[in-house]
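[1] With the input below, show me the fold.
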Amino acid sequence: MRQLHLRLSAIGVVFLATIHASATTTIAIFPTGVTFNPQATGTVSGPQTVTVYNLGSTTVTMTAFTSTISQLVVAGTLPVTLAPAKSVDFTVTFHPDSAKSFSGNLNGTFDIAPMQKVTVTGLGTSLTAVANLNQTSLSFASQPLGTSSPTQAITITNSGTTQFKVTGVTITYPFSQTGFTTSVVVSPGKSLTLQVSFFPTAIGLTNGTMLITYDVLANAGVSVSGTGATAASLGIGTFPTLPSATQNNAYQATLVAVGGVAPYTWTLASGSTLPSGLSLSSTGAITGTPASTVATGNYFFTATATDSTSATTSAPLALSVLAANGAVCNNIIFNASDGTGPLIPLNDLGSNFYVGAEQGGLYANGSNVRPSDHDASGVTLAQGIQPLDANGNPSSTGKYAFVSIGESCAQQPFIEFAILANADPSKNPNLVIVNGATGGATASKLAAPNSNFWNVINNDYLPNAGVTAKQVVAAWVNDVNGGPSGTFPSDMTKLQGNYESIAQNLLSKFPNIKIAYFTSINYTGYSNGVKNLSNEPYSYESGFAVKNAIQDQINGNSNLNFDPVKGVVKAPWIDWGPYYWANGMLPRSDGLVWTCQDLQGDGTHPSNPIGRVKVSTQLLNFLKADDTTTPWFLAH
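    From the prediction side, this is the model:
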């Protein structure tokens, strides 16, 4: 019998584990869903791989592996018999015969296990439609808070001989665009112009990306950046589009004034109204519950701020009301168990303590600033990252990989992140982004070096992206164990240990890895009472497990040593990635909130696309700005 292979692109794949089991049979197939990279019509993609794993105790025979559409061609010989703990690879190629999107299934059948499906999508690209952008980067400099920048134009021109459609435009916060609302046909010789603006919500540099998708062409992207400056006069600093509300559920938003002389008094402009059930207080808080008569849709009003000198300013604002999604959308704030009030994000808690047990801050002593020595070590390692060949040797024609690690709350947003980052022209061309996270890969499982989830990364996800384990140089880890929490802080002791074991496993699995960034999970209060995946305050408390694992390395614990001068290297350099936990709709000091609409109906997983874009924006901004990421993430 000949071994079979089925390679599938790792970009855009839904890596949820599908496991069919009986008392003794457990068949798992990875990945279970895949999107091929765009392929020119009339050409054939390279072979890609999927693996069938027998995780049970009974021998299973796979009798067929067939495609439901002719554009997917499976090669190999069947049947194949899998003994327990064995696996088999299969290969497939994508043969688009026209310029359009394709979707189908690969159906695997077994003698004593249920049929399993791999969902596959691919895009056949046009040979005659050609999209050109007038520019691939935009920069907005020194824009005062509370004001919107002058617009800059992105023009998409069809220089080919057949039409294409612009099917989507996604731009990251706090940038916005006008000119696209729905699918637009661009005929040969014609153009579509988008106007891009920047509304800073913080002082300093903000990076972002605009993604443009087409019906018969590969994605295109524009790198955007802007610098927020101190407000020159009284203004309204709230982003013009407010966090969304949910029908018949509690709502909260806080308007922010900048410049002028505090305190400020807020009113609605004459003739303006909020959706029934909501009201604006004099302090700028919009609270209440949209009445049952309030339909879904967009609502517009004008708010006025008056400072203590009687100066006034007004701004138009927009609020979307959306349908309930199944989560507990009234849980807009989660309180601490000791009666001290709402949970406070680590980066706002500072030197204060959570339930009297753990001090805030991302680092020791309530600080949010990376210690200078640790930062210097990270910068040195980052500057040493270079392209590698498949064997891990430096090569001017090589690649290096950045891989995500974790369960579905990492895997799902990373799909969107990879799409945005790969379209961003500022990304280093040597960098390959690999979604290595998998549904069910909890921290306790990834802490085990022999977990099958590590095998899936090395056997499937990395080869499917065209790289090897020896080309992985950096990782993003976002993982929890979920379930009900115990008593803090002892409930985080195990999770912290899991994180430290994962760091060690990263080095053993990827011998050339230099850096790993850990992120704690998003707000999950909307899940309480619906799902028992990772309820609050467990998700919040996981931030302390991340913090303390990083602090162990900073303190010189030998089990996390990354410096060969100090002894045997046990782990990569580790630190915080983006910290994006916020207490529901209670704004962080930087304004970040999580609405019910940012999460799926389980109240845990970021929604598609809103929540996934929110996570992607946080991660992308971090990678485009941190001094330990820019040397290898950005093109130079």
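
[2] Now do the helices for the stretch 201-350 of the chain: every range, in order, please.
    346-349 (DSSP state H, counting those that start in this stretch).

[3] Same question for the chain.
    Ranges of helices in the chain, per DSSP state H, are 346-349, 372-383, 408-423, 443-446, 452-456, 462-464, 490-509, 538-554, 610-623, 630-633.

[4] among those helices, which is nearest residue 202?
    With CB to CB as the criterion, residue 202 lies closest to helix 610-623 of the helices of the chain, at 10.8 Å. The C-beta positions use only the backbone N, C-alpha and C, and glycine is treated the same way.

[5] wait, which of the helices of the chain is closest to residue 291?
    Shortest distance between residue 291 and the helices of the chain, using CB to CB, is found for helix 610-623: 23.6 Å.

[6] now for the closest one, which elements pack on it?
    strand 204-214, helix 408-423 (3 or more CB pairs under 8 Å, 6 or more residues apart in numbering; DSSP states H and E).

[7] how about the helices of the chain in JSON lines, adding mean neighbour count and mean pLDDT?
    Converted to JSON lines, those look like this (neighbours: other CB atoms under 10 Å; pLDDT from 0 to 100):
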{"stretch": "helix 346-349", "mean neighbour count": "20", "mean pLDDT": "98"}
{"stretch": "helix 372-383", "mean neighbour count": "16", "mean pLDDT": "98"}
{"stretch": "helix 408-423", "mean neighbour count": "24", "mean pLDDT": "96"}
{"stretch": "helix 443-446", "mean neighbour count": "22", "mean pLDDT": "97"}
{"stretch": "helix 452-456", "mean neighbour count": "20", "mean pLDDT": "94"}
{"stretch": "helix 462-464", "mean neighbour count": "22", "mean pLDDT": "94"}
{"stretch": "helix 490-509", "mean neighbour count": "20", "mean pLDDT": "95"}
{"stretch": "helix 538-554", "mean neighbour count": "23", "mean pLDDT": "97"}
{"stretch": "helix 610-623", "mean neighbour count": "22", "mean pLDDT": "97"}
{"stretch": "helix 630-633", "mean neighbour count": "21", "mean pLDDT": "98"}
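
[8] if we can go back for a sec, the helices and strands packed on helix 610-623: which one's closest to residue 283?
    Among the helices and strands packed on helix 610-623, strand 204-214 comes nearest to residue 283, with 26.7 Å by CB to CB.

[9] The helices and strands packed on helix 610-623 into TSV, with extra columns for distance to residue 550?
    Listed next are the helices and strands packed on helix 610-623 as TSV, based on distance: least, CB to CB, whole Å:
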stretch	distance to residue 550
strand 204-214	24
helix 408-423	17
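
[10] quick one: contacts for residue 105?
    By CB atoms under 8 Å, 6 or more residues apart in numbering, the contact set of residue 105 is 67, 68, 117, 118, 119, 120.

[11] before we move on, what about residue 355?
    If you count contacts by CB under 8 Å, 6+ apart, residue 355 has them with 336, 337, 338, 340, 488.

[12] can you rerun that using 10 Å?
    With contact set as CB atoms under 10 Å, 6 or more residues apart in numbering, residue 355 has these partners: 336, 337, 338, 339, 340, 343, 487, 488, 489, 537, 541.

[13] cool, and residue 508?
    449, 454, 570, 571.

[14] Please repeat the previous calculation with a cut-off of 8 Å.
    residue 449.

[15] ok, back up a step: between the helices of the chain, which one is closest to residue 132.
    helix 408-423 (15.1 Å).

[16] Who are the packing partners of that closest one?
    strand 204-214, strand 220-229, strand 400-406, strand 431-434, strand 472-478, helix 610-623.
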